[in-house]
Every structure is written in C-alpha cells, then in structure tokens.
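1. The following comprises the amino acid sequence and a computationally predicted model.
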Amino acid sequence: MPFGKYRPFLDTNPVDLPDRQWPGKRITKAPRWLSTDLRDGNQALIEPMDPARKRAMFDLLVKMGYKEIEIGFPAASQTDLDFVRSLVDNDAVPEDVTVSVLTQARTDLIHRTIDTLEGFPRATVHLYNATAPVFRNVVFRNDKEATKQLAIDGTRDVMDYLEKVMDDDVIVGYQYSPEIFVDTELDFALEVCEAVMDIWQPADDREIILNLPSTVERATPNVYADQIEWMSRNLSRREHVVLSAHNHNDRGTGVATSELAMLAGADRVEGCLFGQGERTGNVDLVTVGLNLYTQGIDPQIDFSNIDEVQKIVEHCTRMETPARMPYVGDLVYTSFSGSHQDAIKKGFEARRKKIEETGDDTWDLPYLPIDPADLGRTYEAVVRVNSQSGKGGVAYLLSTTKNLDLPRRLQIELSQIVKNHTDASGGEVTADELWHIFADEYLPASEVDGLEPWGMYALRGTSMTTDEDARSHLTVTISVSGEDREITTSGNGPIDAFVAAIEQLGHRIHVLDYAEHALSEGRDATAAAYVEAEIDDQVLWGVGIDPSTMTASFKSIISALNRTRR
Ligand SMILES: CC(=O)SCCNC(=O)CCNC(=O)[C@H](O)C(C)(C)COP(=O)(O)OP(=O)(O)OC[C@H]1O[C@@H](n2cnc3c(N)ncnc32)[C@H](O)[C@@H]1OP(=O)(O)O
Ligand SMILES: CC(C)C(=O)C(=O)O
C-alpha cells in the first residue's frame, strides 16, 4: 500500500508547547455540553429526521438534561426551518435550555437564520467558515486575509441583523468556529478568533463561544490537547471565552480527544448521542459523560434509562447501535468467557457481603467498569453461557434466574455437562436452555415444561417419626421401574434412614457432601437440596427441590441414584 503519500500530521502542523500543563491535570467536573444531534448528527443521516423524529430527539435531549442544543441549520431547508419554528410555536423549549443554530458566513443565510429565531427568549447564533489551508486554497480560493475577513464580516452581519430585528429582551449569544481548526496554522486560528472577538466585544454577561473543531480527526489526541492548551493560553479576554471542543472520530479516538481537551482547558464539549455525525461521527456524548460518571463525577446528564435513550435515538436516526458500543451495546455488560464469569460471580458475592457488613457500596467489580443497574440494565444479561464459559458462568446464571446456589463441586460437574451441549451446538445456551439442561440431568421426576420424566427410581411418599433418642424411623414408598415398594428403616437422622432404605434396594451408598437452602421465602417456600454421593463406585451429585426440606434431601439422593444408571 502506498503509505508514502501520507505525511505525519506534526510535520505540517507543529505545536510549540514544551511546557505543556495538561498531562498533569485532572478532570474534576463536567464540561458544558452541547448536543448537535439535530445538526451535525442529522446532516450525516442517510435519511434526515422528519419533524416528528426531530421533536422526539429534542424532547429526549431536554429530558436527559442537555442545556445547549443545536437544533439545525435553518437556512439549509424548509424542513430545518419549519422545525425551528415549531419549537417556538409549541413552546417546547424549557427556560433553562438554549437552542443554537448554525449558519455559513453569507449575509443572506445569516439573515434567514436569524429570522427563524423570532419568538425564542434566548438562542445562540453559530457561524463558521473554513480557515484551514486546503480549504483556503481549494474550496474558497481565498488567501489568509480574505478568510479572516469572511469571519469578520459574518460576525458583523450577525450583530447588525440582530440589532435590527431582535427585541432587546431576547438574549442571543454568539459562537464562532474556524472549521478544521486542527489543520489551521495555530497562529492564524488565533488571529481569526481575535478578529472575531474584536467585533463581538466579549465582556461580562457577553461571552463568546470559540469552538475549535477537529472536523476531521487527523492526529493523536495529545496533539489536539496541545493545540487547545496553546489557544487557551494565547487567547486574549480568556475569562469571557467559552472554549469549546468539537471532535470527530475519524481515527477512532474522538472520546480521548475530547477528554484530553478538557484537561487542556476546554470548557465545553459538543457531540452527539452514540456518536452520530459526519463519517465516523461526532464524539459520543454518552461515552464522554459516562466516563466522567465512572470517575465519581456528576455528568449532569441523566443516563439512568440508557435503553430508552438507545430506542429513541435508533428510531430518530434509523441507525443501529453496535453491540460493542460503550455503555449501551447489547453485549457490553456480558461475559461469555469462563474466567471473566468466575471473577464477576465472585465480585458480586463479595460486594453483597461488603454492603451487608460495612454499608460501603463503592463499586469495585472485576470486568465491570460501571454498575449496569445505574443505567437501568439488569444483571441478568451480565453472564451468558457458550463454549467459552466455565462453571462460574453456569452457576451465576442458575443463581440469578433460579436462585439455585450450587456447591462448588456440583458446579464443576454441571459445567462439563453444559460444555458437552455447547460443544455440540457451537452456540450460546440461554438461561432457559440452561435450566432445561440442568433439570433434565438432575431432576428426573420434575414437571419442567417440555421434559419427559425419566429414571428407574421415584419417590412416592414418606412418613417419619423421631423417638426420644433422636433416632429417625422412616417409612418410604419408592417406585422401582414403575412398581411401588414400601420400605421401613431407621437411622441417626432422616438422611441416614433414607440411605438405609436405598441400601435395601441393593445399592452401596455413601454420602460425601450435602447442602441445602431455601429457594424462596414465606410459607410457600421451596427448598433445594444437593447431595454428593458414592453409589456403587460412582461419585456424582444429585439435586432435589421440594417444599419440604426433608423431601428435597431424599429427592436429591434419588436424583444421584438415577444418574448412576443413566
Ligand atoms: C463541518 C460542517 O459540518 S459545516 C455544516 C455543513 N452542513 C451543511 O452544509 C448542511 C446544510 N447546507 C446546505 O443545505 C447548503 O450547503 C446551503 C443551503 C447552506 C448552501 O447551499 P448552496 O448555496 O447551494 O451552496 P453550497 O452548499 O454548494 O456551498 C458552497 C458555497 O458556499 C461557500 N461556503 C461554504 N461554506 C461557507 C461558509 N462557512 N461561509 C461562507 N461561505 C461558505 C463555498 O465556498 C461555496 O462557494 P462558491 O459557490 O462561491 O464556490
Ligand atoms: C461547523 C463545525 C463546528 C463543524 O461541524 C465541524 O467542523 O465539524
């Protein structure tokens, strides 16, 4: 491949900042956010949003807490213009939300854009022109002076027209973007921004937003951070400047670029939900916001129902969210692989214990950087089982879906049985399928839908008394190949007595391990019993489930016994 035709970005765009400060900084608060879903996001859609979709997107952004929303490029089309007007006509903009509209630096477009703002109590006019060399040379065929003049004239046009048509009580802010800031010579970008400020005259209560886009992402994020810090240090009237980052994702590092920009002095971040936008998209506001959240910083945005956000965005944009999309993709809280599942299962157990014992709910779970529950996701999907899974995953799934708390060696035994299935099918075993595999193997007499009862032995009835020496006297009816046999025995406890009954059927049986627990609470509680037994030289587990703990334990022995003959 002819890589020689590309040049290192820093060869053409060096940044002289040997004493850069941003690497030593920390992000401590959320930036000001601007959502450009309805503008940069919308202009990149195969099918731009219709009015109903735009309104659904706008309402979502408001509900999530975005306070600055770019609602379109009203001079672009009647649809864009009608939508802007519909927000005023329907009184849809809450008092604490400022809408923003984009325009090129062309007088007719500026006038048309400002005309659409009639009736808004507050708004931002956003003007852009390209300042980068390739645009100056190829697109505009302008030199530096003419390029700067376009920005100056555009700004003056905005101010003059606002003065002419706007009521005094309307608050109109101003945003200027030198397009492809990253490709523009830094001193020239600064010169243009200063010239724009000379016209706008930022002051107390008259801020200016200087938005410095990586319109096309072309270098590593540290280079953009250097550029932002350089601008932040060199801009005059810095206290009246809102320095804004507008990052695209062409190299796949849009999020890192915005984050480093915050370290470097950006006060504001523009982007789109789930990274919609031109080409590879604008920076994903959800990821940047939730990255802050996972550092204990309030993003000031409500992500607590991420699935609803996803549903509405997918409806509005007609774009699907990839399964690996940070924080929202279908698979991002899911582990298939054994060691991950094992660690997650142990992590959840340790967390439960820590909260019970100390009340400390600090999040510290292996492989899960965020608590899925915070985003409205359930834990159910956290662990899924396929041929890469181990005992931990299988046990986790049975524990979360059926409350079964399997002893460790039973987990190992079951995991092998499940592996045989996954190796044969090659695919995933759902929680339902896992339950069927488990029930078919360990609950031969179960009434689980779709399973045929099987096994030579079945428990039909029991009656037990205990004498004053605590000896158990048991009469038990066991079906043997369809024929009921009543056996009377006694022992040092119910299990001992039941083992004696099994021995009367001609088996050698020795109980190695036993565990039981309640599956549910209350008067109709059910119990699960697990037994590991050596029966006629085979060592294996049995499981019993019954409202009576004693019957559950007998069923577990019958389960193991049947399994020796399967
Ligand atoms: C990086 C970004 O995302 S910027 C936003 C981009 N978004 C969009 O373009 C979506 C909306 N745009 C549109 O609907 C149309 O482009 C319109 C209505 C704004 C203008 O349409 P047209 O008048 O047909 O012009 P067209 O889009 O072809 O623009 C190219 C002309 O505008 C000039 N131009 C481009 N950008 C700017 C600007 N920011 N300021 C001033 N002039 C500009 C070009 O130099 C070119 O001039 P020329 O015709 O003299 O060569
Ligand atoms: C208009 C500007 C901010 C833009 O969208 C870009 O440069 O990507």
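-> Thanks, I have the structure now. Ligands and ions are numbered 1, 2, ... in the order given.
2. all contacts plus neighbour counts: C-alpha atoms, from now on.
-> Will do.
3. Next up, the contacts around the residue in the stretch 301-450 of the chain that ligand 1 sits nearest to.
-> Proximity of the stretch 301-450 of the chain to ligand 1 (C-alpha to the nearest ligand atom) peaks at residue 317, 16.2 Å away. Contacts for residue 317 were tallied using C-alpha atoms under 8 Å, 6 or more residues apart in numbering; they are 42, 45, 47, 48, 49.
4. Just the buried ones from these, in ChimeraX syntax?
-> Only the buried entries of the contacts of residue 317 go into this ChimeraX selection, using 16 or more other C-alpha atoms under 10 Å:
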select :42,45,48,49
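5. Select from the contacts of residue 317 every entry located in helices.
-> Among the contacts of residue 317, the members found in helices (DSSP state H) are residue 42.
6. which of the contacts of residue 317 are close to ligand 2?
-> For ligand 2, no contacts are drawn from the contacts of residue 317 by C-alpha under 6 Å from any ligand atom.
7. Now stretch 43-62 - C-alpha only, CSV.
-> In CSV, the C-alpha atoms belonging to stretch 43-62 read as follows (Å, rounded to 0.1, in the frame of the first residue of the first chain):
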residue,chain,number,x,y,z
GLN,A,43,-26.8,16.3,8.4
ALA,A,44,-25.0,13.0,8.2
LEU,A,45,-28.0,10.7,8.2
ILE,A,46,-29.0,8.7,5.1
GLU,A,47,-32.5,9.9,5.7
PRO,A,48,-32.5,13.1,7.7
MET,A,49,-35.0,13.2,10.6
ASP,A,50,-38.6,14.2,9.7
PRO,A,51,-40.3,16.7,12.0
ALA,A,52,-41.7,14.1,14.4
ARG,A,53,-38.3,12.4,14.7
LYS,A,54,-36.6,15.8,15.3
ARG,A,55,-39.1,16.6,18.0
ALA,A,56,-38.6,13.2,19.7
MET,A,57,-34.9,13.8,19.7
PHE,A,58,-35.2,17.3,21.0
ASP,A,59,-37.5,16.1,23.8
LEU,A,60,-35.1,13.3,24.7
LEU,A,61,-32.2,15.7,24.9
VAL,A,62,-34.1,18.0,27.1
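8. So for it, what gets flagged as buried?
-> Quick answer for stretch 43-62 (16+ other C-alpha under 10 Å): 43-45, 48-49, 51, 53-58, 60-62.
9. Next: stretch 66-79.
-> For stretch 66-79, by 16+ other C-alpha under 10 Å, it's 66, 67, 68, 69, 70, 71, 72, 73, 74, 75, 76, 79.
10. Could you see whether ligand 1 lies near it?
-> Yes: counting by C-alpha under 6 Å from any ligand atom, ligand 1 is contacted by stretch 66-79 at 73, 75, 76.
11. Could you list which of the buried residues of stretch 66-79 belong to strands?
-> 68, 69, 70, 71, 72 (DSSP state E).
12. Kindly reformat those as CSV containing distance to residue 102.
-> Formatted as CSV, these follow (distance: C-alpha to C-alpha, whole Å):
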residue, distance to residue 102
68, 13
69, 11
70, 8
71, 8
72, 6
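13. Pick out the most distant pair among those.
-> Comparing every pair within these by C-alpha to C-alpha identifies 68 and 72 as the most remote, at 12.3 Å.
14. thinking again about what came up before, where does confidence bottom out across the residues of stretch 66-79 next to ligand 1?
-> When the residues of stretch 66-79 next to ligand 1 are compared by pLDDT, residue 76 scores lowest at 92.
15. May I have the beta-bridge partners of residue 270?
-> residue 34, residue 246 (DSSP bridges).
16. follow-up on the earlier one: what's the closest of the residues of stretch 66-79 next to ligand 1 to residue 351?
-> residue 73 (49.5 Å).
17. The closest one: what's it in contact with?
-> Here residue 73 is in contact with 39, 80, 81, 101, 102, 103, 113 (C-alpha under 8 Å, 6+ apart).
18. Give me the number of neighbouring residues for the last one.
-> Meaning residue 113. 25 (other C-alpha atoms under 10 Å).
19. What does the pLDDT read for it?
-> Reported pLDDT for residue 113: 97.
20. wouldn't it be in contact with residue 78 here?
-> No: contact criterion C-alpha atoms under 8 Å: residue 113 and residue 78 do not qualify, at 11.5 Å.
21. Which residue ranges of the stretch 101-250 of the chain form strands?
-> Under the criterion DSSP state E, counting those that start in this stretch, the stretch 101-250 of the chain carries strands at the ranges 122-130, 171-179, 208-214, 241-247.
22. Determine which stretch of these is the most buried.
-> strand 241-247 (a mean of 25; mean count of other C-alpha atoms under 10 Å).
23. Is ligand 1 within reach of that one?
-> No: for strand 241-247, no contact with ligand 1 is found by C-alpha under 6 Å from any ligand atom; the gap never falls below 9.9 Å.
24. In terms of secondary structure, what does that strand contact?
-> strand 208-214, helix 254-264, strand 268-271 (3 or more C-alpha pairs under 8 Å, 6 or more residues apart in numbering; DSSP states H and E).
25. Next, the angle strand 171-179 makes with that strand.
-> 50 degrees (axes from the mean of the first three to the mean of the last three C-alpha atoms, to 10 degrees).
26. Quick one: work out the angle between strand 241-247 and strand 208-214.
-> 20 degrees.
27. what is the rounded mean pLDDT of strand 241-247?
-> Mean predicted confidence for strand 241-247 is 99.
28. next one: stretch 376-391
-> So the average pLDDT for stretch 376-391 ends up being 84.
29. Run through the ones in strands among the buried residues of stretch 66-79 and flag the ones next to ligand 2.
-> Counting by C-alpha under 6 Å from any ligand atom, no member of these reaches ligand 2.
30. and whatever residue of the stretch 401-550 of the chain ends up closest to ligand 2, what does it touch?
-> Nearest residue of the stretch 401-550 of the chain to ligand 2: residue 428, at 41.7 Å (C-alpha to the nearest ligand atom). Going by C-alpha under 8 Å, 6+ apart, residue 428 touches 384, 385, 386, 387, 422.
31. Now do the buried residues in the strand or helix carrying the last one.
-> This points to residue 422. If you go by DSSP states H and E, residue 422 is part of helix 408-425. Judged by neighbour count using 16+ other C-alpha under 10 Å, the buried positions of helix 408-425 are 410, 411, 412, 414, 415, 418, 419, 421, 422.
32. In contact with the fourth one, which residues are there?
-> The reference is to residue 414. 391, 394, 438.
33. domain ranges for the chain?
-> Using the TED database, the domain parsing of the chain gives 29-317, 351-441, 457-564.
34. and this structure, which of its residues are near ligand 2?
-> Counting by C-alpha under 6 Å from any ligand atom, the chain sits next to ligand 2 at 40, 128, 177, 179, 180, 213, 215.
35. what's the closest non-adjacent residue to the residue nearest the centre of the chain?
-> The residue lying closest to the centre of the chain (C-alpha atoms, centre = their mean) is residue 327, at 1.5 Å. Spatial nearest neighbour of residue 327, chain neighbours left out: residue 287 (6.9 Å); criterion: C-alpha to C-alpha, 6 or more residues apart in numbering.
36. Which elements pack onto whichever strand or helix holds the one you found?
-> Using DSSP H and E, residue 287 sits within helix 285-293. In this structure, helix 285-293 packs against helix 254-264, with contacts taken as 3+ C-alpha pairs under 8 Å, 6+ apart.
37. Can I get the helix it packs on as PDB, trimmed to CA atoms?
-> The C-alpha coordinates for helix 254-264 follow below in PDB (Å, rounded to 0.1, in the frame of the first residue of the first chain):
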ATOM      1  CA  GLY A 254     -12.800  11.100  19.400                       C
ATOM      2  CA  VAL A 255     -13.600  10.400  23.100                       C
ATOM      3  CA  ALA A 256      -9.900  10.600  24.100                       C
ATOM      4  CA  THR A 257      -9.500  13.800  22.100                       C
ATOM      5  CA  SER A 258     -12.400  15.400  23.900                       C
ATOM      6  CA  GLU A 259     -11.200  14.200  27.300                       C
ATOM      7  CA  LEU A 260      -7.700  15.500  26.800                       C
ATOM      8  CA  ALA A 261      -9.200  18.700  25.500                       C
ATOM      9  CA  MET A 262     -10.900  19.100  28.900                       C
ATOM     10  CA  LEU A 263      -7.600  18.600  30.600                       C
ATOM     11  CA  ALA A 264      -6.100  21.200  28.300                       C
END
